[in-house]
Structure formats: structure tokens, C-alpha cells
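Student: need coordinates for the following:
(2 chains)
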Amino acid sequence: MELFLIFISAALVNNFVLAYFLGICPFIGVSNKISSAFSMGLATTFVMTITAIVSWLLFNLILVPYNLEFLQIPSFILVIASLVQFVEMFIKKVSQPLYRALGIFLPLITTNCAILGLALFASMREYTFIESIIFGVGAGVGFILALVLMAGIREELELADVPKAFQGAPITLIVAGILALAFMGFAGMI
Amino acid sequence: MKKQVTLSKEFLKGLWDINPIFKQVLGMCPTLAVTVSAINGIAMGLATTFVLVCASLLISTIRKLIPTQVRIASFIVIIATFVTIVDLVMKAKFPELSKALGPFIPLIVVNCLILGRQEAFASKSKPLRALLDALGNGAGFLLALFVLGGIREIIGSRTLLGFQVMPNGFEPWLIMILPAGAFLTLGLLLGFANLYTGRRDRFEKEALQAQYRSVGKEAVFQNDPSEKS
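Tutor: Below is the predicted model:
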């Protein structure tokens, strides 16, 4: 039950994008088409889950026993950077079209605050190993959800008559605001 | 590099022309998350500026030593070092502020603004120029954060920097201090910034057009490549 609550909390109530503002760059950058939004979400979820595992091991088995907690930020970011590199090579090998569709945003997962934020939140809240994994998966699912919802809305928005000054980022942010309002409806669940 | 750009221009461009928030739309995560109040915005802006300035200075000094293949990783490690310094200092000196900003101080590492400036500017420029560019961009970031935080604080909790500015009869809009308010405010601000720039450009163009017309060179103007925009 505890684990289920962590999952729901990370995916819906405290959605990383819409409640914590983590991962806004890809949220605005890749949310033009549902298909690329979904694959970006999947790649991010994958990296998130592995990051949750590796960063927990790193933090609790290496940094804490040797009193090296102050190295948390550089070590986490190095782990994430190498993981992203790995995922990039993997996707390039397995699916060329997907690789081309994700383009520049794949390496940019490194600088996706959602990933580092996940690792930091998990160590800050002192989650156990299993809890960290569930937290990672939940946050990833929430990320996919937000990204795909946004992409769906933006596909419709293409046809709408938006004032010139508000086209692009401004209208996207306003729509995100309305989405965030909608997600507040989940607040009563926990 | 661009020799024609004067040093003061290098600094001033960050304030508006390439303002990180309003023009480049970089570094959104901390911008949206911490601007519940103006003071948080200022703290975040200062911390980011510090990291940006130190990293730019160091990276442009050693830019010839960093191999191109591993430059991103090197930038990140340098940035992470300075962020750790800021994080530890904040925890020791301003524990309350550090708590209010939560994980967003460590998250300066992944602020696209900082990495973006290193990649686009510091790694190709002399230290002095990189320093001015970093200061300008940091100031622009700080300004945007302060404006956003100020608006949200005034409407959302009736105060500015902790002092009450709105009368008691004004019912605070709760939405402004909630996440949704951040998105809406920033979206509107960006829109108005575009509106302003668009109008200014049009006026400039019209003034230029009138000038050309007065000297009878309209034909020249119509072939002006800048017309495309």
C-alpha cells in the first residue's frame, strides 16, 4: 500500500512536470507531436528508473559510508550523463527512426532537471531501495502522461487562431497552467 | 570573435536582447518553481549568477585545454563544483532560504541557461568577454525572476518582499502561488514581451521606411533582406 501511494503520488498528485516544474525544457521542446512525445517520455522513464536504482546504490553504499555526501551533486550528474550516453547508443542501434525523431533532445536528457531532481528527492526523503525504484517508475509515468497530454493539446492548437505574439512558448505555458490546474484535482487522492 | 561588439554591449545584451527567460526561454524549471515570492526569486537569481559567472570565467580561461569531444562532460563537472559550493554556503549561512528553495539549488547544475552560455559563448571567447556575458545573462535572469516572483507575490499573498502592498480588502488569488499560477504568469509575460518587441521592431522599420522615402530610395528598401522578418 505504501508503495502504491508513492507511485500515485509521483505520477499524479505531485506530477514532476506540472507540480514541481521539473523537465520543463523537453516538455515545451518535444511536445509537438504525440508520437515523439511518447518516445521521449519512454526514454526519460527508462533513464529515470535506472537512475533511481544506480543513484540509490551510489548514495547509500559509497557516499554515506565514506562521509562523502558533499560529492552528491557531481557524482549523480556523472552517473546520469553516462547513463544517457548508454541509452543513446542503445536507441541508435535498435531504432534509427526513433533516434532521428528524438534528435537533440536525447543528449539533453542529461540536463533534464527531472532526472537529477528524482535522484535528489529520493535521497532527501530517505527512500528504501524498493521505494526508490517505484518512485522512479511513477515519476516517469507521470512525465509521459504530462508530455502526451500536452502534445495532444498542441496538435489541436496548431489549428487554433492564436495571436501572433502568443504563438509558441507563451501559449504552451498558458496551456500548461490550465493542465496544472486540472492536475490539482488529484490532490485529494492522498 | 566578434570584434565589433563593444564590451558594454556584451553585458547589456543579456538584460533584454537575449534575456535568458523572455527571449531564449532557457532555465525554466527553477524560474517557475521558486518564484512564489520575490525574495526567493532574488536568491535563486543570485545563486545562478554566481555559478554562471564563475563557470564562464573558468571555462573561458581553460577553453584551449578542454578537448572538444568531452567538453560537455567537463562543463558539467565544473558547473557541479560551483553549485556544490553555493549549496554548502547556503546551508551554512541561510538555512531558511536553503530550505525554501529545497532541491532547486542543487538543480542549478542542470539549468540549461548555464550550460547554454558555456557552449554558445564562454568556450569560444576571451575571459573578460565571457565574464561580461555571464554577468549580463545572470542579471537578465535575476531581473526576470524578480519580476515573476514580484507579480506572483503581490497578487498571490498581497505582499512584496514581505511588506504588505495590497489593501486588506484585496482577496489574494490563491492560484498565483500554486504551480498553475507560475505557468500562467510566465506565459502571459512572455506573450507581452513578444508583443512589445514586435511593436518596437515595427516602429523601427516604419521609421526607417519613412527615412528612405524622404530621400527617395524606396526601391532600395524593398530589396532589403531584413524585410523578410
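Student: so where's chain B uncertain?
Tutor: Within chain B, the stretches falling below the threshold (pLDDT under 70) are B:1-5, B:216-229.
Student: hmm, 80 instead?
Tutor: Counting by pLDDT under 80, chain B shows low-confidence ranges at B:1-31, B:68-70, B:72-73, B:100, B:102-103, B:112, B:157-172, B:174-175, B:177, B:211-229.
Student: please, where are all the helices along it?
Tutor: For chain B, the helices defined by DSSP state H occupy B:7-12, B:28-34, B:38-61, B:71-93, B:95-101, B:112-120, B:127-157, B:174-177, B:179-214, B:218-222.
Student: need the ones you listed in TSV (columns: distance to A:Ala81).
Tutor: Any C-beta I mention is one placed from the backbone N, CA and C, and that applies to glycine too. TSV is the format used below for the helices of chain B (distance: least, Cβ to Cβ, whole Å):
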stretch	distance to A:Ala81
helix B:7-12	30
helix B:28-34	18
helix B:38-61	16
helix B:71-93	6
helix B:95-101	24
helix B:112-120	11
helix B:127-157	23
helix B:174-177	34
helix B:179-214	28
helix B:218-222	50
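Student: ok, and which of the ones you listed has the densest surroundings?
Tutor: Among those, judged by mean count of other Cβ atoms under 10 Å in any protein chain shown, the one packed with the most neighbours on average is helix B:28-34 (a mean of 26).
Student: returning to that earlier point: can I get the helices of chain B in TSV with distance to chain A?
Tutor: As requested, those are arranged in TSV below (distance: least, Cβ to the nearest Cβ, whole Å):
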stretch	distance to chain A
helix B:7-12	23
helix B:28-34	4
helix B:38-61	11
helix B:71-93	4
helix B:95-101	11
helix B:112-120	6
helix B:127-157	11
helix B:174-177	7
helix B:179-214	3
helix B:218-222	23
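Student: which stretch among those helices approaches B:Pro167 most closely?
Tutor: helix B:127-157 (11.8 Å; Cβ to Cβ).
Student: where do the helices of chain A begin and end?
Tutor: Ranges of helices within chain A are A:2-8, A:24-29, A:34-57, A:72-94, A:96-102, A:113-124, A:129-157, A:169-183, based on DSSP H.
Student: just name the most buried of these.
Tutor: The highest mean neighbour count among the helices of chain A, using mean count of other Cβ under 10 Å, belongs to helix A:113-124: a mean of 25.
Student: from the contact counts, what lies against that helix?
Tutor: Helices and strands in packing contact with helix A:113-124 are listed as helix A:34-57, helix A:72-94, helix A:129-157; criterion 3 or more Cβ pairs under 8 Å, 6 or more residues apart in numbering or on different chains; DSSP states H and E.
Student: tell me the angle the last one makes with helix A:169-183.
Tutor: Computed with axes from the mean of the first three to the mean of the last three Cα atoms, to 10 degrees, the direction of helix A:129-157 lies at 130 degrees from that of helix A:169-183.
Student: so helix A:129-157, near chain B or not?
Tutor: No: using Cβ under 8 Å from any Cβ of the partner chain, helix A:129-157 stays clear of chain B, with a minimum separation of 11.1 Å.
Student: can you give the contact residues for stretch B:151-168?
Tutor: Stretch B:151-168 has contacts (Cβ atoms under 8 Å, 6 or more residues apart in numbering or on different chains) with B:35-39, B:150, B:170, B:172-177, B:181-182, B:185, B:189.
Student: Serialize the helices of chain A to TSV and add fields for mean pLDDT.
Tutor: Putting the helices of chain A into TSV (pLDDT from 0 to 100) gives the following:
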stretch	mean pLDDT
helix A:2-8	83
helix A:24-29	76
helix A:34-57	85
helix A:72-94	83
helix A:96-102	76
helix A:113-124	84
helix A:129-157	88
helix A:169-183	86
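Student: for those helices, give me CSV that also has distance to B:Lys23.
Tutor: Below are these laid out as CSV (distance: least, Cβ to Cβ, whole Å):
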stretch, distance to B:Lys23
helix A:2-8, 38
helix A:24-29, 14
helix A:34-57, 25
helix A:72-94, 27
helix A:96-102, 26
helix A:113-124, 21
helix A:129-157, 21
helix A:169-183, 10
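Student: A:Ala146 is nearest to which of the helices of chain B?
Tutor: Across the helices of chain B, the minimum distance to A:Ala146, taken as Cβ to Cβ, is reached by helix B:179-214, at 11.7 Å.
Student: count the neighbours of the residue nearest to A:Val13 when sequence neighbours are not counted for me.
Tutor: Counting by Cβ to Cβ, 6 or more residues apart in numbering or on different chains, A:Phe186 is the residue found nearest to A:Val13 once chain neighbours are left out, at 4.8 Å. Other residues near A:Phe186 number 17, with proximity taken as other Cβ atoms under 10 Å in any protein chain shown.
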